[in-house]
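Q: just need the structure, nothing else, for what follows:
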Amino acid sequence: MNQIVLYVNAYNMSQLSDFVKTRRRKLAITQEEFAEKAGVALTVIRKIEQGKENLSLTKVNQVLQMFGHVAGAINEDHAAEDK
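A: Predicted coordinates for the structure are as follows:
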């Protein structure tokens, strides 16, 4: 599976929140069901969907992998290429 990297510095938490919430709702599953499928605690899903900023990148990636995505730190070289 090809993975798309969502650079965490390029997106604010509300965009990540909206992305996860929209994708979960398209699957027509509850937060509880989604947490179980992703292998994370329900609180992780709730924090992501609320746009909390104090999240483990590992846990965020467990959730994003459900959609074929990963988040990664953006480095200065990548930031310069995008400008």
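Q: what residues does the longest helix seen in the chain touch?
A: Scanning the chain for the longest helix, with DSSP state H as the assignment, gives helix 13-26. If you take C-beta atoms under 8 Å, 6 or more residues apart in numbering as the criterion, helix 13-26 is touched by 6, 8, 31, 34, 45, 48-53, 60, 63-64, 66-67, 71. Where C-beta positions appear, they are placed from N, C-alpha and C, glycine not excepted.
Q: swap in 7 Å and give it another go.
A: Helix 13-26 has contacts (C-beta atoms under 7 Å, 6 or more residues apart in numbering) with F34, I48, E49, Q50, G51, K52, E53, V63, F67.
Q: got these as CSV, with secondary structure and pLDDT columns?
A: Formatted as CSV, the contacts of helix 13-26 follow (DSSP: H, G, I helix; E, B strand; the rest coil; pLDDT from 0 to 100):
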residue, secondary structure, pLDDT
F34, helix, 96
I48, helix, 93
E49, helix, 94
Q50, coil, 93
G51, coil, 88
K52, coil, 86
E53, coil, 79
V63, helix, 92
F67, helix, 88
